[in-house]
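Student: This is a predicted model, with the sequence first.
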Amino acid sequence: MRKYFRGGIAAVTGALIATTIVLTPTASAAAKQDPDTQKLAGALATQKVTWEECTFPGVDPATVTKFKTVKGLACATVQVPRDWHNPADGNTIGIRVSKTETAYKGTSRQGIALVNPGGPGGSGLPWGAAMALRAPVLAGQYDFIGFDPRGVGLSTPLTCSYTVPNSTDENVLNKAKVDGCLENPLTQFITTEQTTYDMDFIRVLLGEKKMSYIGYSYGTWLGTWYAATFPSKAHRFLLDSAVDASQSTLENTWDLQPRTRDRQFQEALLPFMARSDAKYGQGTDPMEIRRNWEKAGGTREFVGQLFVAWFVLPAMYDTSQYHVAASAVASVIDAAADGTSTEKVEQIVAKMLTIPGLTDENKAFIAKAKNNALAAIAKKERVTVKTTTAAAEVETWDASFEAIRCQDGQWNQNLHYWKYWVADLTVNAPFIAPFMSTPLCAYWPAKTSMPKPDKKTFPRLLIAQSELDAATAYEGGLATSKALPNAKMISVDNEGSHGLFPYNTDCVDDPIVAYFQTGITPRKQYTGCQALPLPNEDKTFEVGGKLTNGKVKIKMITPAVKEANKIVKDLLSGSSTAAADESGMPANL
């Protein structure tokens, strides 16, 4: 996303497949009648909503100042049933909501549009004001509504605690963490299904017959779930950077994610560096840059992991940061081999700051990322010290991300499957593989499953997807476009950013704006658009696959990725041989 701040899936994680437990209404029942949240809520439907000035924790003050220029911006906490399947039990939780009043009064007003930035677990409270600023034409017809989903931010949060076991076994640690969270009585109610009911109740409290929606990343899963559950209440829906909603679980979306990160690194970032040898000093061959990156330790070294986590991965969500990411890769390659992790970070960042072309915004981003990297080193050192003691420790953590993705449909719980899944990544996605481990969802029982859209009632909607999206794979968005009735898809060739609208090209934005204004979708199911140039470049370069008939034809493991994987394999084989020669025995024993 190119203005104000980014949304997107929260972290690098794992993936899976499995059976489902269905607690939602069946498709046939949903086709007959949507759930009536006003009736279900009982007395809560008559609550007095007290609007007040908004606060946005975690958003920088300059951006908050911009938000407060939006007409009618106000916030309130509304009470909703903790369990929409049993609202009469009397338990409630608070949902923090922001509203704007930018829509012109009269027949041109289209109503409200809720916005979700993704996660799961991302704070959506600022996104009413943010969208009003990002899309001023639509703000003249829509009052944008932001909200923190249940379990998140200023809504009733989900925090979990567990006693850290005196063990280094990953399975023991993960199971203890999950078991501790399942002891929290709130956990089972932090699901996408429950949030869709909250969304519809927000519509009720605001006195609207229908609602529109813009969702990014995980927000596309949330939007699909709402549209399948409340189809008669869905007006205009945009799914931007879509997860694979053709599945009944989020497992496949995370299964693709590690591979898409490797793909964008090799197909887009390294060629970008190679086109600017004068700036980065790493030569003009992307494969040679990759070879030197791996020789320097790549992500197998802790410092390499830090610079990928804090400098490279953010650029995979927002390609306007490519210059910073390329500077980080070049500086890691050129770094001295010795020194402590802290010394290496200081040295590499100092080298980054000498690379020409950095803006003040880039430098501020580098300074923040440097502090995060140094904090990660300090935390790692503290953990190392703690593992030498036997004292039991209670750890508390924000669990909304894991609770939502794990409880929205059953993930594979065969631990042998995950062992081989991680092993496969070391071969087929070696750039990101060191970050990967068995996900907590492998130990977590599901609570519900995505309802199947009814072809007769499911609303017409739009999907926007970039070719090299590293968080929600293009393949997943394509699968969603085929699975959802009446869905139309806009593909952006040669683009890697996660979250597109507004993209600031007519090809991408015009059909989206026209749809929100009139309800008319493109005539063809697939519309192909070209990406904007990357930073400091004046044209768009062809990378990855090929745009054909509005869709991008691309392989998950492209020829370039396959060649890069062989480079890593050969280097590791050489290291093993050298180790065997020095020790007199095979390195793997």
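Tutor: Thanks, I have the structure now. Everything numeric here is computed off the predicted structure, so don't read it as measured data. Numbers count the residues shown, from 1 in each chain.
Student: Report how many residues lie close to the residue lying closest to A483 once chain neighbours are set aside.
Tutor: Nearest residue to A483, sequence neighbours excluded (CB to CB, 6 or more residues apart in numbering): S246, at 3.6 Å. Where you see a C-beta, it was placed from the backbone N, CA and C, and this is true even at glycine. When counting by other CB atoms under 10 Å, one arrives at 17 neighbours for S246.
Student: For P453, see how far away S246 is.
Tutor: 10 Å (CB to CB, to the nearest Å).
Student: on that earlier part again, and the residue nearest to A483, what does it touch?
Tutor: 479-480, 482-483 (CB atoms under 8 Å, 6 or more residues apart in numbering).
Student: Regarding C75, what is its secondary structure?
Tutor: Assigned by DSSP: H, G, I helix; E, B strand; the rest coil, the conformation of C75 is strand.
Student: could you list every residue that touches it?
Tutor: So C75 contacts 51-55, 96-99, 125 (CB under 8 Å, 6+ apart).
Student: Quick one: buried ones out of those residues?
Tutor: 54, 96-99, 125 (16 or more other CB atoms under 10 Å).
Student: Could you give the average pLDDT over the helix ranked longest in the chain?
Tutor: Secondary structure of the chain per DSSP state H: the longest helix is helix 360-386. Mean per-residue pLDDT for helix 360-386: 79.
Student: counting contacts, what elements does that helix pack onto?
Tutor: Packed against helix 360-386 by the contact rule (3 or more CB pairs under 8 Å, 6 or more residues apart in numbering; DSSP states H and E) you find helix 302-307, helix 322-334, helix 341-352.
Student: Of the buried ones among the contacts of C75, which is the nearest to A369?
Tutor: Nearest to A369 among these is L125, at 24.7 Å by CB to CB.
Student: was I right about the closest one contacting D148?
Tutor: Yes - taking contacts as CB atoms under 8 Å, L125 lies within contact range of D148: 4.8 Å.
Student: Touching both of the two, which residues are there?
Tutor: By CB under 8 Å, 6+ apart, the residues touching both L125 and D148 are 96, 154.
Student: tally of neighbours for the nearest residue to D34 once chain neighbours are set aside?
Tutor: Leaving aside its chain neighbours, D34 sits nearest to F230 (4.6 Å; criterion: CB to CB, 6+ apart). The number of residues packed near F230 is 23, by other CB under 10 Å.
Student: May I see the contacts of C75 arranged in a markdown table, with distance to K566, secondary structure and pLDDT as well?
Tutor: Converted to a markdown table, the contacts of C75 look like this (distance: CB to CB, whole Å; DSSP: H, G, I helix; E, B strand; the rest coil; pLDDT from 0 to 100):
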| residue | distance to K566 | secondary structure | pLDDT |
| --- | --- | --- | --- |
| W51 | 60 | coil | 98 |
| E52 | 60 | strand | 98 |
| E53 | 58 | coil | 97 |
| C54 | 53 | coil | 97 |
| T55 | 52 | coil | 96 |
| R96 | 51 | strand | 98 |
| V97 | 52 | strand | 98 |
| S98 | 51 | strand | 98 |
| K99 | 55 | strand | 98 |
| L125 | 47 | coil | 98 |
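Student: Check these and tell me the two furthest apart.
Tutor: T55 and K99 (14.7 Å).
Student: you'd agree T163 is in a strand?
Tutor: Yes - assessed by three-state DSSP, T163 belongs to a strand.
Student: Isn't it up against G180?
Tutor: Yes - using CB under 8 Å, T163 is in contact with G180, at 7.2 Å.
Student: more crowded one of these two?
Tutor: Between T163 and G180, counted using other CB under 10 Å, the more crowded position is G180 (20 against 12).
Student: got the buried residues for the longest helix of the chain?
Tutor: For helix 360-386, by 16+ other CB under 10 Å, it's 362, 365-366, 369-370, 373-374, 376-377.
Student: One more: stretch 180-200?
Tutor: 180-182, 184, 186-200.
Student: before we move on, back to that, using TSV, lay out the contacts of C75 together with distance to S327.
Tutor: As requested, the contacts of C75 are exported to TSV (distance: CB to CB, whole Å):
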residue	distance to S327
W51	45
E52	43
E53	40
C54	36
T55	35
R96	38
V97	40
S98	36
K99	41
L125	33
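Student: and Y317, how many neighbours does it have?
Tutor: There are 22 residues near Y317, going by other CB under 10 Å.
Student: shouldn't it be in contact with T472?
Tutor: No - under the criterion of CB under 8 Å, Y317 makes no contact with T472, lying 10.5 Å away.
Student: hmm, back to that, just put the buried residues of helix 360-386 in JSON lines and tack on distance to A274.
Tutor: JSON lines is the format used below for these (distance: CB to CB, whole Å):
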{"residue": "N362", "distance to A274": "20"}
{"residue": "F365", "distance to A274": "23"}
{"residue": "I366", "distance to A274": "22"}
{"residue": "A369", "distance to A274": "23"}
{"residue": "K370", "distance to A274": "26"}
{"residue": "A373", "distance to A274": "26"}
{"residue": "L374", "distance to A274": "30"}
{"residue": "A376", "distance to A274": "29"}
{"residue": "I377", "distance to A274": "31"}
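Student: where along the stretch 51-200 of the chain do the helices fall?
Tutor: In the stretch 51-200 of the chain, the helices defined using DSSP state H, counting those that start in this stretch lie at 61-67, 127-134, 136-139, 170-182, 192-205.
Student: next one: the shortest one to chain centre, how far?
Tutor: Here helix 136-139 shows a centroid-to-chain-centroid distance of 25 Å under the convention CA atoms, centre = their mean, to the nearest Å.
Student: which of the residues in it are buried?
Tutor: 138-139.
Student: And the first one, by the same measure?
Tutor: Of the residues in helix 61-67, those buried under the neighbour-count criterion (16+ other CB under 10 Å) are 63, 66-67.
Student: now it: mean pLDDT?
Tutor: Mean predicted confidence for helix 61-67 is 96.
Student: swap in the shortest one?
Tutor: Taken as a whole, helix 136-139 carries a mean pLDDT of 97.
Student: cool, the longest one as well?
Tutor: Confidence over helix 192-205, taken as the mean pLDDT, stands at 98.
Student: low-confidence ranges in the stretch 451-589 of the chain?
Tutor: Along the stretch 451-589 of the chain, segments meeting pLDDT under 70 span 575-589.
Student: can you give me the helices for it?
Tutor: So, for the stretch 451-589 of the chain - with DSSP H, counting those that start in this stretch - the helices run 474-483, 506-518, 559-583.
Student: so which of those helices is the most packed in?
Tutor: helix 474-483 (a mean of 22; mean count of other CB atoms under 10 Å).
Student: before we move on, the earlier item: got the contacts of S246 as TSV, with distance to V152 columns?
Tutor: What follows is those, written out as TSV (distance: CB to CB, whole Å):
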residue	distance to V152
A479	27
T480	24
K482	31
A483	27
